[in-house]
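Enquirer: mind folding the following:
(chains A and B)
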Number of protein chains: 2
Amino acid sequence: MIVAYDGTNYRGWQVQPNGITVEEVLNEKLSELFGEKITVTGASRTDSGVHSLGNVAVFDTETRMPADKIAFALNQRLPEDIVIQGSCEVPADWHPRYQNSRKTYEYRILNRTFRMPTRRLDTYFYHYPLDAERMNRAAQYLVGEHDFKSFCSIHSQAETTVRTVYACGVRKEGDLITIRITGSGFLYNMVRIIAGTLIRVGSGNLEPELLPDILEKRNRDAAGPTAPAHGLTMIGILYEA
Amino acid sequence: MIVAYDGTNYRGWQVQPNGITVEEVLNEKLSELFGEKITVTGASRTDSGVHSLGNVAVFDTETRMPADKIAFALNQRLPEDIVIQGSCEVPADWHPRYQNSRKTYEYRILNRTFRMPTRRLDTYFYHYPLDAERMNRAAQYLVGEHDFKSFCSIHSQAETTVRTVYACGVRKEGDLITIRITGSGFLYNMVRIIAGTLIRVGSGNLEPELLPDILEKRNRDAAGPTAPAHGLTMIGILYEA
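Expert: Predicted coordinates:
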């Protein structure tokens, strides 16, 4: 299933003791729909407040309902802030995190003098003027295979911190600055730390040419702060054949 | 003051007995700020659920606070879904509805197979495919000075139903169709009835070339349905010198 959600009212994707999560709602509503216990596995375990247009989740079921009809049937039961965008059958051993894939995220910054209420839930408001061209220049140093340890939360348990970024671009449309990044996979908080670092570049507090040094240091303290979750949206995942 | 708000949680602009309104919140917070009873007058009395990037409100006050500082001081007290975008002094007899002005609204339609949760509050979801080019063609018949009685709620108490539309365009970006309309003023529900009529055109249920007939009939039943409020955003008002 392709899963879109407004993350505002959820404590992220993954089931956890404090507060409701997207995974938990999907498990409950699918179990109701099929009358059997269903447990989904998600591709991207997004944090509290992060949004998604195209996360991916799989599950096993005994149902005879055609796979492409499940999206419609499940949407009837889901709250309005979670909507399945499509469903299909996959091989029984297909795991959404163990396939080669390209994941795309966007981090959105509303860069203006006053907050804009209609964009408060899906953009990070940043008051001081940002130079998007300068941010884009810095972003290019992240493209390629690198050790992203400097851009990884110290709470990560990843075995390796080497990842491949296929593309990273910063564009400005009116007062909205969007960082779009596509990679083989992302470390814990990686996109938000990249966003926090590019914001430091955009505000003139860090030179774009220092990005290679930050990568080389392999130290979380070398990069900028972790930008707030609500500016982040998981855009989609392309699985390679 | 230029007033932006997410209209989702308000019963529109104007003070009324059932539920909280934007005008009421402004009156309360301004009265608190200045320690005197303040009553604002708004330019556009938007309906329940309608959003604004740039409504205009004026008020009288005894304060010595510089006019341009009021936006910042008031924003400290306002809820996060109402944000003042700027403030300045105007002549004592200046009334935001009795000046010559150009008001711009946008009506946004999300035209795709599945609802998108992150856009549910500020776009109208419409499932059947719409032809935006065809809608744009129909929209051109509305430009100019016309009697818009067919596009006016029967509950309107306007003295005259003649209005001037300066521009009306429909554009499509991905799955988002935006109707943008600028006029001298709008009748009750006029933009939403125009949107509902253009949606009928876009879905193939009405010929663009019939718009002049609809205008000529001067009868609400000749036009399409009133599109839902949450797709509508007041963009801004340009006052003529």
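
Enquirer: residue contacts, A:Glu89?
Expert: Listed by Cβ atoms under 8 Å, 6 or more residues apart in numbering or on different chains, the contact set of A:Glu89 reads A:Ala67. (C-beta placed from N, C-alpha, C; glycine too.)

Enquirer: pLDDT value on it, please?
Expert: Reading off the confidence values, A:Glu89 has pLDDT 97.

Enquirer: how much space separates it from B:Gln16?
Expert: 52 Å (Cβ to Cβ, to the nearest Å).

Enquirer: same check on A:Pro117?
Expert: 21 Å.

Enquirer: which residue sits closest to A:Met1, ignoring its sequence neighbours?
Expert: When the adjacent residues along the chain are set aside, A:Met1 lies closest to A:Ser87, with 4.6 Å between them (Cβ to Cβ, 6 or more residues apart in numbering or on different chains).

Enquirer: you'd agree that neighbour is up against A:Pro66?
Expert: No - A:Ser87 lies out of contact with A:Pro66 (Cβ atoms under 8 Å); the separation is 9.3 Å.

Enquirer: just the helices from chain A, written as ranges.
Expert: Listed in chain order, the helices of chain A (DSSP state H) span residues A:22-34, A:67-75, A:132-139, A:190-202, A:211-217.

Enquirer: interface residues of chain A facing chain B?
Expert: When proximity is defined by Cβ under 8 Å from any Cβ of the partner chain, chain A lies next to chain B at A:4-6, A:51, A:53, A:71, A:75, A:80-86, A:114-118, A:120, A:122, A:233.

Enquirer: what subset of these is buried?
Expert: Among the residues of chain A next to chain B, those scoring as buried are A:4-6, A:51, A:53, A:71, A:75, A:81-86, A:114-118, A:120, A:122, A:233 (criterion: 16 or more other Cβ atoms under 10 Å in any protein chain shown).

Enquirer: which residues are in contact with A:Leu121?
Expert: Applying Cβ under 8 Å, 6+ apart, we find A:Leu121 in contact with A:6, A:8, A:230.

Enquirer: out of the helices of chain A, which is the most enclosed?
Expert: helix A:190-202 (a mean of 25; mean count of other Cβ atoms under 10 Å in any protein chain shown).

Enquirer: re the thing from before, which one's more surrounded, A:Ser87 and A:Pro66?
Expert: Regarding A:Ser87 and A:Pro66, a neighbour count based on other Cβ atoms under 10 Å in any protein chain shown identifies A:Ser87 as having more, with 22 against 11.

Enquirer: now the residue of chain A most remote from its centre: how far from chain B?
Expert: The outermost residue of chain A relative to its centre, with distances by Cα atoms, centre = their mean, is A:Arg64 at 32.4 Å. The gap separating A:Arg64 from chain B is 23 Å, by Cβ to the nearest Cβ, to the nearest Å.

Enquirer: for A:Asp221, same thing?
Expert: From A:Asp221 over to chain B the distance is 32 Å, taken as Cβ to the nearest Cβ.

Enquirer: can you tell me how far A:Met116 is from B:Val201?
Expert: As defined by Cβ to Cβ, A:Met116 lies at a distance of 31 Å from B:Val201.

Enquirer: if you could redo that for A:Tyr105, that was the one I meant.
Expert: When distance is defined by Cβ to Cβ, A:Tyr105 is 37 Å away from B:Val201.

Enquirer: A:Ser203 too?
Expert: A:Ser203 sits 47 Å away from B:Val201, taking Cβ to Cβ as the criterion.

Enquirer: quick one, strands of chain A?
Expert: In chain order, chain A shows strands spanning A:2-5, A:41-42, A:51-58, A:82-86, A:101-111, A:124-126, A:144-147, A:162-173, A:176-183, A:232-239, with DSSP state E as the criterion.

Enquirer: the fifth one vs strand A:51-58, what angle?
Expert: On the basis of axes from the mean of the first three to the mean of the last three Cα atoms, to 10 degrees, strand A:101-111 is oriented at 160 degrees to strand A:51-58.

Enquirer: and strand A:101-111, what does it pack onto?
Expert: Strand A:101-111 sits against strand A:124-126, strand A:176-183, helix A:190-202, strand A:232-239, with contacts defined as 3 or more Cβ pairs under 8 Å, 6 or more residues apart in numbering or on different chains; DSSP states H and E.

Enquirer: do I have it right that A:Thr39 meets A:Glu28?
Expert: No - in terms of Cβ under 8 Å, A:Thr39 does not count as a neighbour of A:Glu28; the distance is 10.6 Å.

Enquirer: could you chop chain A up by domain?
Expert: The record, using automatic domain parsing to delimit domains, assigns chain A the ranges A:2-86, A:101-239.

Enquirer: show me what the mean pLDDT comes to for the last one.
Expert: Confidence over domain A:101-239 (mean pLDDT, whole number) is 97.

Enquirer: mind checking the end-to-end distance for that domain?
Expert: 4 Å (Cα to Cα, to the nearest Å).

Enquirer: with stretch A:98-116 instead?
Expert: Stretch A:98-116 has an end-to-end distance of 40 Å (criterion: Cα to Cα).

Enquirer: in it, what counts as buried?
Expert: Going by neighbour count (16+ other Cβ under 10 Å), the buried part of stretch A:98-116 is A:101-112, A:114-116.

Enquirer: which residues are in contact with A:Leu206?
Expert: When contacts are counted by Cβ under 8 Å, 6+ apart, A:Leu206 touches A:138, A:197, A:200, A:224.

Enquirer: isn't A:Thr226 up against A:Ile193?
Expert: Yes - shown here, A:Thr226 and A:Ile193 form a contact pair, counting by Cβ under 8 Å, at 5.3 Å.

Enquirer: anything in contact with each of these two?
Expert: Taking Cβ under 8 Å, 6+ apart as the contact definition, A:Thr226 and A:Ile193 share the neighbouring residues A:Ser153.

Enquirer: for the residue nearest the centre of chain A, which non-adjacent residue is spatially closest?
Expert: Nearest to the centroid of the C-alpha atoms of chain A, with distances taken as Cα atoms, centre = their mean, sits A:Met234, at 3.5 Å. Among residues not flanking A:Met234 along the chain, A:Ser52 sits closest, at 4.2 Å (Cβ to Cβ, 6+ apart).

Enquirer: what does A:Ala139 give?
Expert: According to Cβ to Cβ, 6+ apart, the nearest residue to A:Ala139 is A:Cys168 (4.2 Å).

Enquirer: how close does that neighbour get to B:Pro225?
Expert: A:Cys168 sits 45 Å away from B:Pro225, taking Cβ to Cβ as the criterion.

Enquirer: the more surrounded of these two?
Expert: A:Cys168 (21 against 12).

Enquirer: identify the bridge partners of that one.
Expert: Counting by DSSP bridges, A:Cys168 forms beta bridges with A:Ile181.

Enquirer: which residues touch it?
Expert: Counting by Cβ under 8 Å, 6+ apart, A:Cys168 makes contact with A:139-140, A:142-143, A:179-182, A:194.

Enquirer: ok, those residues vs chain B, which is closest?
Expert: Each of the contacts of A:Cys168 was scored against chain B by Cβ to the nearest Cβ, and A:Arg180 proved nearest at 14.3 Å.

Enquirer: can I assume the closest one is in contact with A:Tyr166?
Expert: No - here A:Arg180 does not reach A:Tyr166: they are 11.0 Å apart, not a contact under Cβ under 8 Å.
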